[in-house]
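J.: After the sequence you'll find the predicted model.
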Amino acid sequence: MTTYTKIAVKGAFTVLIISLLAGLGGYFVRLVLARGLTVEDFGLFNSVFSFLGLLGFFKSLGFDKALVIFIPKFRHEKRNDHIKSSIIYVTIIILITNLLIIAGVYLLSNYLSVNFFHSAQASALLRLLAIAFFIDSFVFVIRFAFQGFRKMTYFSIVEVARMLLILAIVLLGFGLGYDKLSAAAFAYIITPFILLIVFVPIFLKKIFPEFATAGFVFDIGLLKKISKYSVFVVETNAAALVLYYTDIMALTYFSNLKAVGLYAAALPTVKIFMFFPRAIGGILVPLTSELWVKGRKDLLKAGIESLYKYPLILIVPLVLAMFSFADIILNVFYGSNYIPAANAMRILSIGMIFAVIYATNIDFFGGIREPQITTKIVYTAAIFNFIASIILIPYIGIIGAAISTTLSYLIMMSMGLANMRRFIDISFPKAVWAKTFLAGIIFTFTIWGLKKIIELNVWIETAIVLLISSLVYVALLFILKIIDLEELKGLYKRIVK
């Protein structure tokens, strides 16, 4: 158990750092756009971006992700010709599907701008971002090829470089006085060009120098194998994309672009909490797979139960701090125009608690090779979110979007927990959860009480309030016997030794 704990914590920490770099870069891009554009234009950009993102699973049909599975297999078989052929197949298929999509977008852009986006600016932005998505599709081919060769450094650097380049080009365009919507769109067009120019030679010279000399094989059987896996990827990802983009699309059609802009500030801000389960998942999936194959359900049970406890203890005060300071956070990062999104952000922040627990469940299902369970859960949540959004958003706008999304996470968490017991006899730490939430509620009331008592500079006041409230929360962890010193010492030993 000691070795697995050490591997999990250190591996998760490495993935967390890389994920944070890319995530922070993407978040800074969003902040720059929000600060530089009006709320309506920021909403328009996000609405068009989400619309094209929703078409994302048609762009590659999952063929690019198939490289992650088939390249290692062909390397083991020493079939460089199959590796080369697979990459060429995928590239050609993506070229065809993307040309069809971009043609459709160009033909329908004027109609969509009037009847769906309700903005004359949408037509030009749709066409520009469609070009960006087209070029970027081939960057994903290179990224997944890096991953297939297990060159995770290059795989990670591509995404970090993408965000930094977009950020730099956007800032340059804004600084030179170009139309800001156009400058943002061109940043997304130029960036994938640069990434291809840099990383394609690296792949061909350093990672797969045999590409030039390996033969090309036209093998229907090989194409069928790749297609079969790709269909599974499309089935899995389609619901996830619908779940992610439903709110934005419903707000675009039933509300207005200002509402989209406000929601596009609130949702990504709360989603910063998802870096924790993503980092854990990067190492949990292979470890779960190994323990499951070895039949070590005892270690797997102990590990999952720990993940139901410790991340929640950490994330509850963070979520409730965001809940309490939502208006200040939005004002500081996005500006006073985005403060109306505070209540939606509060609702969404609660949803992140459910999302963190759910993320542990899907990592478990992935590790034991039962991904169809995750697919069923996500489809159920996506259908619910779609129906709830259509019902709520016309009446209560972004609050309705936030409620439907939060309830979707609750559904996914509940279904995941129910399915978990089909495979391991796990004990859910209900008492710990109840005590943790009680400590969190007291933590929140402490914040609210101190905010009324203390009247200082906003930064000093916030720092003092958070410090005192955090000390109260930590004290409650021990008073309520959620954790104890011996337990922490044991955890420390498993990590460092």
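T.: Perfect, thanks for sending it. Residues are numbered from 1 along each chain as shown.

J.: show me where pLDDT drops low in the stretch 1-150 of the chain?
T.: By pLDDT under 70, the low-scoring segments of the stretch 1-150 of the chain are 1-20, 57-58, 60, 62-63, 68-69.

J.: Which stretches in it count as helices?
T.: Taking DSSP state H, counting those that start in this stretch to define them, one finds helices in the stretch 1-150 of the chain at 2-36, 39-54, 56-60, 63-76, 80-115, 122-148.

J.: Ranking those by mean neighbour count, which comes first?
T.: The highest average neighbour count among the helices of the stretch 1-150 of the chain, using mean count of other Cβ atoms under 10 Å, belongs to helix 39-54 at a mean of 23. Just so you know, the C-beta spots here come from the backbone N, C-alpha and C atoms, and that holds for glycine as well.

J.: separation between the residue at minimal distance from the centre of the chain and residue 49?
T.: When Cα atoms, centre = their mean is applied to the chain, the residue found nearest the centroid is residue 274 (6.9 Å). From residue 274 across to residue 49, the span is 19 Å (Cβ to Cβ, to the nearest Å).

J.: tell me which element residue 217 falls in.
T.: Taking DSSP states H and E as the definition, residue 217 sits outside all helices and strands.

J.: now the helices of the stretch 1-150 of the chain as CSV including distance to residue 255?
T.: Written out in CSV, the entries for these read as follows (distance: least, Cβ to Cβ, whole Å):
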stretch, distance to residue 255
helix 2-36, 18
helix 39-54, 9
helix 56-60, 23
helix 63-76, 34
helix 80-115, 15
helix 122-148, 15
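
J.: Tell me which of those helices lies nearest to residue 396.
T.: Shortest separation from residue 396 across those is recorded for helix 39-54, at 17.3 Å, computed as Cβ to Cβ.

J.: and the angle for the closest one with helix 80-115?
T.: Regarding helix 39-54 and helix 80-115, their directions subtend 140 degrees when assessed with axes from the mean of the first three to the mean of the last three Cα atoms, to 10 degrees.

J.: angle of helix 39-54 against helix 122-148?
T.: Angle, helix 39-54 to helix 122-148, by the same axes, to 10 degrees: 50 degrees.

J.: which helices and strands sit right next to helix 39-54?
T.: helix 2-36, helix 122-148, helix 180-202, helix 220-254, helix 257-270 (3 or more Cβ pairs under 8 Å, 6 or more residues apart in numbering; DSSP states H and E).

J.: Do a quick rundown of the helices in the stretch 251-400 of the chain.
T.: Using DSSP H, counting those that start in this stretch, the helices found in the stretch 251-400 of the chain span residues 257-270, 275-294, 297-307, 310-324, 326-333, 342-367, 371-420.

J.: With distance to residue 61 added, can I get the ones you listed in TSV?
T.: Formatted as TSV, the entries for the helices of the stretch 251-400 of the chain read as follows, by distance: least, Cβ to Cβ, whole Å:
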stretch	distance to residue 61
helix 257-270	27
helix 275-294	24
helix 297-307	34
helix 310-324	35
helix 326-333	37
helix 342-367	21
helix 371-420	16
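
J.: which stretches of the stretch 351-497 of the chain have low pLDDT?
T.: Judged by pLDDT under 70, the stretch 351-497 of the chain has its weakly predicted residues at 366-371, 486-497.

J.: ok, 50 please
T.: Low-confidence segments of the stretch 351-497 of the chain, defined by pLDDT under 50, span residues 495-496.

J.: Tell me how far the closest residue to residue 178 other than its chain neighbours lies from residue 131.
T.: Sequence neighbours aside, residue 186 is the residue nearest to residue 178 in space, at 8.0 Å (criterion: Cβ to Cβ, 6 or more residues apart in numbering). Distance, residue 186 to residue 131, by Cβ to Cβ: 9 Å.

J.: which neighbours do those two share?
T.: Applying Cβ atoms under 8 Å, 6 or more residues apart in numbering, one finds that no residue jointly contacts residue 186 and residue 131.

J.: residues of the helix or strand hosting residue 174 that come out buried?
T.: In the assignment (DSSP H and E), residue 174 maps to helix 152-175. Along helix 152-175, these residues count as buried under the neighbour rule (16 or more other Cβ atoms under 10 Å): 154-167, 169-171, 173-174.

J.: what's next to it, contact-wise?
T.: Outside of helix 152-175, the residues that reach it under the criterion Cβ under 8 Å, 6+ apart are 18, 21-22, 24-26, 28-29, 32-33, 36, 139, 142-143, 146-147, 180, 182-184, 186-188, 190-192, 194-195, 198-199, 202-203, 207.

J.: quick one: which of the helices of the stretch 1-150 of the chain is nearest residue 330?
T.: With distances scored as Cβ to Cβ, the stretch of the helices of the stretch 1-150 of the chain nearest to residue 330 is helix 2-36 (9.7 Å).

J.: secondary structure element for residue 425?
T.: Under the assignment here (DSSP H and E), residue 425 is part of no helix and no strand.

J.: What is the burial count for it?
T.: Residues near residue 425, counting by other Cβ atoms under 10 Å, number 9.

J.: Dihedrals phi and psi, it?
T.: Backbone dihedrals for residue 425, given as degrees, to the nearest 10, come out at phi -80, psi 70.

J.: In space, what's closest to it - neighbours in sequence excluded?
T.: Among residues not flanking residue 425 along the chain, residue 301 sits closest, at 6.9 Å (Cβ to Cβ, 6+ apart).

J.: Just list the residues touching that neighbour, thanks.
T.: Listed by Cβ under 8 Å, 6+ apart, the contact partners of residue 301 are 424, 425, 426.

J.: ok, the last one to residue 374 distance?
T.: In this structure, residue 426 and residue 374 are separated by 17 Å, where distance is defined by Cβ to Cβ.

J.: For those two, indicate the residue with more neighbours.
T.: Just comparing residue 426 and residue 374: by other Cβ under 10 Å the higher neighbour count belongs to residue 374, 23 against 17.

J.: I'd assumed residue 128 was in contact with the residue nearest to residue 178.
T.: Yes - counting by Cβ atoms under 8 Å, residue 186 touches residue 128, with 7.0 Å between them.

J.: Count the residues that sit near the residue lying closest to residue 80 once chain neighbours are set aside.
T.: Once its chain neighbours are removed from consideration, residue 80 has its nearest residue in residue 214; the separation is 4.0 Å (Cβ to Cβ, 6+ apart). The burial count assigned to residue 214 is 16, neighbours taken as other Cβ under 10 Å.

J.: which stretch of helix or strand covers residue 214?
T.: With secondary structure defined by DSSP H and E, residue 214 is part of neither a helix nor a strand.

J.: so it makes contact with residue 78?
T.: No - taking contact to mean Cβ under 8 Å, the distance of 10.8 Å between residue 214 and residue 78 leaves them out of contact.

J.: give me every residue that touches residue 196.
T.: Neighbour list for residue 196: 135, 138, 139, 142 [criterion: Cβ under 8 Å, 6+ apart].
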